[in-house]
Structures are given as C-alpha cells and as structure tokens.
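**Student:** Sequence first, then the predicted structure:
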Amino acid sequence: MKIKKILFVPDTHVPYHDKKAWALMLKAAKMFKPDIINIQGDFADFYAVSSHSKDPNRISGLEYEVDEVKKALSQLDALNAKEKIFVSGNHCDRLERYLMDKAPELFNVVKIEKLFGLKKRKWQYVPYKSDIRIGKLYSTHDTGCAGRGAVFRNLDTYQYNIVTGHTHRLAYIVEGNAKGEAHVSASFGWLGDLKQTDYMHRIKAAKDWALGFGIGYLLPNGTVHVVPVPIVNYQVIIEGKLVKL
Ligand SMILES: [Fe+2]
C-alpha cells in the first residue's frame, strides 16, 4: 500500500521568518521526504505593499521580499516533492489589494504566480479565500476567523476534515457527529520570527503563537492522518527521530 507523505508549511512570513525554525523544518523535511508539499498561506509577508502604517526601519523593499521568497521556494523545490500546493493567505492578498487600489492597470500583469515563478516551479496556486482538497482533507488559509476558537469554527464551517493557517496557533481537535463520522481540524503554528512582528502585541503573540509545522499521511482511500510537529527548543521529533540543528 502506497502511503503518500505530506509536508504542511504554515505561515512563514518570508523575509520575516524565524531562520532557525526554517532551517530545522527543512532538515526534518529532507529526512521525511514528502510526496506532497502544502504551503498554507502567508508564505510571503508582503510588508512593502501593506496598507497599514509602516515602520521605516523595517521596510526592506518589495524586490528584496520577492527575492527572499524565491530563495525559500527553491529550498522547498529541492525536496523534490511530486505535488506542490501554494495556498495563498491574507498577506499574499496585500499585493492584490495594493494593485487594485493604487495601480489597477497592473493588476493582471503583476501576479503572485508570475512573481514567484510558481508555474515554472510546478506549484499549484490556490487563491486566497478558496481551498484545495488533498484526499479527504481540505486545506485553506482561513475561514474568516482567528483566535483560540478558530479550529472549532473552521470545523463548524467545513463539517469535514480541515487544516488551516492564519492563527499561528498550534491546535488539533477531532469532533464526531450523530452519523458516527469524525472529522479533524488542525493548524500547525507558524515559522515566523516573533521579534520581527509589528502587528500584534509581543506578549500576546508570544502567548498564542507557536513555532511548528505539520505532516500528514495520505492513504489510498483518501484518509489523511494529520500530525502536528511542534518546535520545542529548536528541536522536533518526526517519525520517531529527534531532529536538531
Ligand atoms: Fe500569518
């Protein structure tokens, strides 16, 4: 029986990612050898085109951000997964909103898919506010809710197995129904750098957000066994093996 391995890459916010966490995830992923990689949204931060007021000391320029995203994508490409899914998040949406508001003439010219070379790299692009099915599991960035209860609300919305990004929280719940079915809802934390965050109070982010990523095992009947991989002291255990930098 061929079981396909899935790597879930949660909100990374390149170039404001946690470099150690990213390196650790890559090291673990090389061991894991995923058949499928699912970027879960907010892979790019797109600070340069955010509509929020910007810290002048933090602005690094759109070109730099795009270059860093491409470097990170190349690192994922090097894992040689057969199937690669790029789910877009609200931060990727910043670019689209910027273009709509400030340069609508460029809207169809400047596209994330083109900017990051997703087609050439063989990534399937899933726009923000839509989803994709991997076997009997849906994957989307968010369903319009955040906070501690988001995993429950996502399950309420989908009434089906669902993995999400967005909250930067690490959570895994299972709920059944009267028909005897059980569904999972999970989010795998994030890979961003807390010190480089400016959109949430530090202490709240430190309390709520967790470094981590996820793996999954897709069975031929479509069932996906979802496994959160929390990063603890920059170490993870994946498939029974301790991985550290
Ligand atoms: Fe995010």
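**Tutor:** All right, it came through fine. Computed from a prediction, not measured in an experiment: that's the story for all the values here. Numbering: from 1, shown residues only.

**Student:** Report pLDDT for the closest residue to residue 93 other than its chain neighbours.
**Tutor:** Closest residue in space to residue 93, ignoring its immediate chain neighbours: residue 128 at 4.5 Å, by Cβ to Cβ, 6 or more residues apart in numbering. Every C-beta, even on glycine, is put in place using the N, C-alpha and C of the backbone. Per-residue pLDDT puts residue 128 at 95.

**Student:** Which residues are in contact with residue 128?
**Tutor:** Neighbour list for residue 128: 41, 88-90, 92-93, 96, 141 [criterion: Cβ atoms under 8 Å, 6 or more residues apart in numbering].

**Student:** Distance check, it against residue 217.
**Tutor:** To residue 217, residue 128 is 27 Å away according to Cβ to Cβ, to the nearest Å.

**Student:** then the lengthiest helix in the chain to PDB, C-alphas only?
**Tutor:** When the chain is parsed with DSSP state H, its longest helix is helix 62-77. Extracted in PDB, the C-alpha atoms of helix 62-77 (Å, rounded to 0.1, in the frame of the first residue of the first chain):
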ATOM      1  CA  LEU A  62       9.400  44.600  -2.500                       C
ATOM      2  CA  GLU A  63      12.200  43.400  -4.600                       C
ATOM      3  CA  TYR A  64      14.100  42.100  -1.600                       C
ATOM      4  CA  GLU A  65      11.000  40.400  -0.200                       C
ATOM      5  CA  VAL A  66      10.300  38.700  -3.600                       C
ATOM      6  CA  ASP A  67      13.900  37.500  -3.900                       C
ATOM      7  CA  GLU A  68      13.800  36.000  -0.400                       C
ATOM      8  CA  VAL A  69      10.500  34.200  -1.100                       C
ATOM      9  CA  LYS A  70      12.000  32.800  -4.300                       C
ATOM     10  CA  LYS A  71      15.100  31.600  -2.300                       C
ATOM     11  CA  ALA A  72      12.800  29.900   0.200                       C
ATOM     12  CA  LEU A  73      10.700  28.300  -2.500                       C
ATOM     13  CA  SER A  74      13.900  26.900  -4.200                       C
ATOM     14  CA  GLN A  75      14.700  25.300  -0.800                       C
ATOM     15  CA  LEU A  76      11.300  23.600  -0.900                       C
ATOM     16  CA  ASP A  77      11.700  22.700  -4.500                       C
END
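
**Student:** Whatever helix or strand comes next after it packs against which elements?
**Tutor:** Where DSSP states H and E defines the elements, the next helix or strand beyond helix 62-77 is strand 83-87. Counting contacts by 3 or more Cβ pairs under 8 Å, 6 or more residues apart in numbering; DSSP states H and E, strand 83-87 is packed against strand 36-39, strand 123-126, strand 132-134, strand 137-140.
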